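A.B. asks: Sharing a model that was predicted from the sequence below.
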Amino acid sequence: MNQAELLSRKVTDRTLVGGVVGLGYVGLPLMVEMARSGYATIGLDVSERVVQGINAGTSHIQDIPTDQLAPHVKSGKIRATTKSADLAACDAISICVPTPLGKTKDPDLSYVVSAAEAIASVLRPGQLIVLESTTYPGTTRELVLPILE
């Protein structure tokens with residue numbers, strides 16, 4: 001069985017472990033939807049306060065009420081961390097970090113670069129990496145891929 005077939009099987013039988021880098025207004029809802037669909041998820045964020053709150057079952061964003069988050073944390077489907085090494089257990093990782101605009105109205109990609117570097121430190125064959133952060137076409141190929149290679 002090749003890596004793509006193995007990943008597909010994990011998706012089908014709900015044994016895939018999902019990872020999310022950036023637990024803000026995009027990342028946390030993604031984690032909740034993954035958990036709701038039956039997948040275990042590990043979320044990485046640089047904020048210890050955010051990580052501690054999520055692991056206590058408390059949401060820090062308005063779109064995800066605590067009563068939607070807490071049951072998934074209690075069941076073990078959602079876990080947050082500040083340690084990039086924990087992403088090694090993930091089969092698929094989504095990058096959901098901010099890309100604020102700089103003074104020249106260009107996206108600041110430093111968060112994307114940091115996320116890619118964190119993933120590169122634990123990358124293994126068969127992992128699926130998805131860039132969900134808002135940015136210009138070509139960012140994955142031109143910026144993220146060279147870091148992961």
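C.D. replies: Here it is on my side, so go on.

A.B. asks: which SSE is the spatially most central residue of the chain in?
C.D. replies: What sits nearest the mean C-alpha location of the chain, by Cα atoms, centre = their mean, is Val20, with 1.0 Å. Per DSSP states H and E: Val20 is located in strand 17-21.

A.B. asks: ok, now Gln52?
C.D. replies: According to DSSP H and E, Gln52 maps onto helix 48-55.

A.B. asks: I'd like the average pLDDT over that helix.
C.D. replies: Averaged over helix 48-55, pLDDT sits at 98.

A.B. asks: and if you look at stretch 117-128?
C.D. replies: On average, stretch 117-128 scores 95.

A.B. asks: How about stretch 141-149?
C.D. replies: Per-residue scores along stretch 141-149 average to 95.

A.B. asks: gap between that stretch and the chain center?
C.D. replies: Its chain's C-alpha centre and that of stretch 141-149 lie 17 Å apart, by Cα atoms, centre = their mean, to the nearest Å.

A.B. asks: Give the buried residues for it.
C.D. replies: Neighbour-count burial for stretch 141-149 flags Leu143, Val144, Ile147 (criterion: 16 or more other Cβ atoms under 10 Å). Every residue, glycine included, has its C-beta placed from N, CA and C.

A.B. asks: List the residues that contact the second one.
C.D. replies: Going by Cβ atoms under 8 Å, 6 or more residues apart in numbering, Val144 touches Ile95, Val112, Ala116, Ile129, Leu131.

A.B. asks: Return the closest of the residues you listed with respect to Asp67.
C.D. replies: Ile95 (27.7 Å; Cβ to Cβ).

A.B. asks: Can you tell me how far the residue nearest to the centre of the chain is from Lys103?
C.D. replies: 29 Å (Cβ to Cβ, to the nearest Å).

A.B. asks: A strand includes Pro122, no?
C.D. replies: Small correction: residue 122 is Val, not Pro. No: Val122: not assigned to a strand; according to DSSP: H, G, I helix; E, B strand; the rest coil it is coil.
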